[in-house]
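In: 3D model of this:
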Amino acid sequence: MTDAQEISAKPQQTPQQTSGNPVAPEGTRGPGDVVTAELVTRLTRGVAGSGRTANHTPFTGERLAELPESGPEDITGAFEAAREAQRAWAAVPVRQRAAVLLRFHDLVLRRQSEVLDLIQVETGKSRLHAHEEVQAVAVAARHYGRKAPAYLRPRRHTGVVPALTKVSELRQPRGVVGQIAPWNYPFELSVGDALPAFVAGNAVVMKPDTETALTALWAREQLIEAGLPPAVWQVVIGEGPVVGPAVVEHADYVSFTGSTRTGRDVAQRAAARLIGCSLELGGKNAMLVLRDADLDKAAEGAVRACFASAGQLCISIERLYVHSSVAEPFLERFAARTRALRLGKGLAYGADMGSLVGQRQLETVTRHVEEAVSKGAAVLAGGRARPDIGPLFYEPTILDGVQPPMAVCTEETFGPVVSVYRFDDEDDAIARANATPYGLNASVWTRDARRGRAVAARLRAGTVNVNEGYAAAYGSVQSPMGGMKDSGLGRRHGSEGILKYTEPQTVATQRILPMAPSFGMNDEAYAAFMTRSLKALKRLHFR
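Out: Numbering: from 1, shown residues only. Predicted structure coming up:
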């Protein structure tokens, strides 16, 4: 795609920014009420770490907890313990392993207020967005708790000589899975990804992000109470560039969620060891608002799609393509709803959006917005930090008139910023949506569901939602979720999400006659016999 193709028409009459986003009440509880010394001691029990590190809350920047830090010997020890425990765990019948997930499901829903508090104080997100993680984990636990025995059962296949060759396909666990989990969804992208690995008979050595380690450790505590042997899930904590490569070096398979740049390094290290990996990486996800879209529903959907978890979601929308005929009325609705979002850091429902998670994210968001504005983009909503609420708050931001070479046009922002582009031709909109190295998620809005599905099939993204931003596809856990192009390798959810943690093994039993000349046949006679047999099998429609 040329620069000229990406340039949107200059906005005609656009809504003007007025006052800043309102602030939700804080409530009476704070991070210190959630993260106590007793909680930290309880959750870090059994974590391999001879050093010390700490994490912090984005709400205030204050230290939350002192945590164990894992050195090389700690990591080696964690893998040795996991490998020993895995052999016994793999011998447990799959239905018993699956029952652990179902008990974990109930514990999570019963004690959700505990993990909601932890998610909020570690990530800075609003409580409703934290609850999305609870929903996702519960759905994954239920799905694999019910379906794992079917996914993993031995399967019979037709042998090379029907009736004489009996073939079974078995699924063997890979061994010890090394999992590197990110900070943005510390509950869902830690235990949510580990559940199918466990039920498939693997052990897991996980490196959560240090800043969100307590959430992952809370999940581990609940899963152990549900029946998982403690040594089957090992946690190591430390700096990514140090601990991450060590995890890859010891693992039998690697699960990674994070940036495309780091994902390439993980893939290279895994390839050097001839082990498999699954990678969910970056995205610059597009939403298409077609000319027949319900504009009120599309505007509501865009708010959720763009600003959930302050835009710190791999599948959130950062590019918004709107048909020119409906652009102005859509933007009026979208901007008004965006300006009305309540920002806050209260540990209760009420805030519509929370904080960014770290200084690096704030700097990226600020750089993208300021550069775009300096080169002619218009701010329809937001466009500024809110230190009056907390050190890392930034208003949900809509930019119009974005064009190359603005960084926000092509780089992943990973924050509450969306760029608007107008289009007149649907084919052009699809081409522009596809003209990116990424291909993780996309969204299409139209009153015609058939038309929406037809457009979706032409978008080069691993998941596409029609009349929804991201949750419909992600939450449908019987179906695979993952990225195309630079957005990753492999899939989570569905059969692919559990079978990737297994090695397929074919066991073939030959009966009566060998696969060789017999009954006095010489080589020529045997070859002729096999030729006649192969022709007969084709006529009989054997596959």
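In: please verify my assumption that Glu114 contacts Glu221.
Out: No - counting by C-beta atoms under 8 Å, Glu114 sits too far from Glu221 to count as a contact (9.8 Å). In this view, the C-beta of every residue, glycine as well, is placed from N, C-alpha and C.
In: the two: which is more packed in?
Out: Counted by other C-beta atoms under 10 Å, Glu114 and Glu221 do not tie: Glu221 has more neighbours, with 18 against 15.
In: helix, strand or coil: sort out the more buried one for me.
Out: Here Glu221 is helix, with the state taken from DSSP: H, G, I helix; E, B strand; the rest coil.
In: which parts of the stretch 201-350 of the chain are strands?
Out: 203-207, 233-235, 253-257, 276-280, 285-289, 317-323 (DSSP state E, counting those that start in this stretch).
In: columns mean neighbour count and mean pLDDT on top of these, output as JSON lines?
Out: Listed next are those as JSON lines, based on neighbours: other C-beta atoms under 10 Å; pLDDT from 0 to 100:
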{"stretch": "strand 203-207", "mean neighbour count": "28", "mean pLDDT": "98"}
{"stretch": "strand 233-235", "mean neighbour count": "27", "mean pLDDT": "98"}
{"stretch": "strand 253-257", "mean neighbour count": "25", "mean pLDDT": "98"}
{"stretch": "strand 276-280", "mean neighbour count": "23", "mean pLDDT": "98"}
{"stretch": "strand 285-289", "mean neighbour count": "28", "mean pLDDT": "98"}
{"stretch": "strand 317-323", "mean neighbour count": "26", "mean pLDDT": "98"}
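In: reformat these as a markdown table; add distance to Pro173.
Out: As requested, those are arranged in a markdown table below (distance: least, C-beta to C-beta, whole Å):
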| stretch | distance to Pro173 |
| --- | --- |
| strand 203-207 | 9 |
| strand 233-235 | 14 |
| strand 253-257 | 9 |
| strand 276-280 | 13 |
| strand 285-289 | 34 |
| strand 317-323 | 37 |
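In: show me where the stretch 51-200 of the chain has its strands.
Out: Counting by DSSP E, counting those that start in this stretch, the strands of the stretch 51-200 of the chain are 51-56, 63-69, 155-158, 165-173, 176-180.
In: just say which of those strands is most tucked in.
Out: Most buried of the strands of the stretch 51-200 of the chain, by mean neighbour count (mean count of other C-beta atoms under 10 Å): strand 176-180, with a mean of 28.
In: pull out the buried residues from the longest helix belonging to the chain.
Out: Criterion DSSP state H: the longest helix present in the chain is helix 127-152. Residues of helix 127-152 classed as buried: 127-134, 136-145, 147-148, 151-152 (neighbour count, 16 or more other C-beta atoms under 10 Å).
In: what of stretch 354-363?
Out: For stretch 354-363, by 16+ other C-beta under 10 Å, it's Gly354, Ser355, Leu356, Val357, Gly358, Gln361, Leu362.
In: for the closest residue to Ser355 other than its chain neighbours, give me its contacts.
Out: The spatial neighbour of Ser355 that comes closest, neighbours along the chain excluded (C-beta to C-beta, 6 or more residues apart in numbering), is Gly124 at 3.2 Å. If you count contacts by C-beta atoms under 8 Å, 6 or more residues apart in numbering, Gly124 has them with Thr57, Pro58, Phe59, Ala310, Lys345, Gly354, Ser355, Leu356, Val357, Gly390, Leu392.
In: give me the neighbour count for the fifth one.
Out: Lys345 is flanked by 26 other residues according to other C-beta under 10 Å.
In: ditto for the last one
Out: Under the neighbour criterion other C-beta under 10 Å, Leu392 is assigned a count of 25.
In: ok, the closest residue to Ala136 other than its chain neighbours - contacts?
Out: Nearest residue to Ala136 in three dimensions, chain neighbours excluded: Glu188, at 4.3 Å (C-beta to C-beta, 6+ apart). Shown in contact with Glu188 (C-beta under 8 Å, 6+ apart): Glu132, Glu133, Ala136, Val137, Ala140.
In: swap in Val199?
Out: For Val199, the contact set (C-beta under 8 Å, 6+ apart) comprises Val94, Arg97, Ala98, Val100, Leu101, Tyr144, Gly145, Ala148, Leu152, Ile498.
In: apart from its chain neighbours, what residue comes closest to it?
Out: The nearest residue in space to Val199 (C-beta to C-beta, 6+ apart) is Ala148, at 4.4 Å.
In: does that neighbour touch Ile498 like I think?
Out: Yes - applying C-beta under 8 Å, one finds Ala148 in contact with Ile498, separated by 6.4 Å.
In: what residues are shared contacts of these two?
Out: With C-beta under 8 Å, 6+ apart as the test, Ala148 and Ile498 both reach Pro196, Val199, Ala200.
In: so what's the second one scoring on pLDDT?
Out: In other words, Val199. In this model, Val199 is scored at 98, pLDDT.
In: the one helix or strand Glu503 maps to pairs with which strands?
Out: Assigning secondary structure by DSSP states H and E places Glu503 in strand 502-510. Applying DSSP bridges, strand 502-510 is found paired with strand 165-173 (antiparallel).
In: how far off centre is the partner strand?
Out: Relative to its parent chain, strand 165-173 has a centroid offset of 31 Å by C-alpha atoms, centre = their mean, to the nearest Å.
In: next, the angle from it to strand 253-257.
Out: Here the directions of strand 165-173 and strand 253-257 differ by 50 degrees (axes from the mean of the first three to the mean of the last three C-alpha atoms, to 10 degrees).
In: and strand 165-173, what's its mean pLDDT?
Out: What strand 165-173 shows for mean pLDDT is 97.
In: so where's this protein shaky on pLDDT?
Out: In the predicted model of the chain, residues 1-18 satisfy pLDDT under 70.
In: what lies in contact with the helix or strand following the strand holding Glu503?
Out: Using DSSP H and E, the next helix or strand after strand 502-510 towards the C-terminus is helix 523-539. The contact list for helix 523-539, computed with C-beta under 8 Å, 6+ apart, reads Val161, Pro162, Ala516, Pro517, Ser518, Met521.
In: name the nearest of those residues relative to Ala340.
Out: Checking the contacts of helix 523-539 against Ala340 by C-beta to C-beta gives Pro162 as the nearest, at 67.5 Å.
In: what's the burial count for the residue lying closest to Thr215 once chain neighbours are set aside?
Out: Excluding its sequence neighbours, the residue lying closest to Thr215 (C-beta to C-beta, 6+ apart) is Pro186, at 4.0 Å. Residues near Pro186, counting by other C-beta under 10 Å, number 29.
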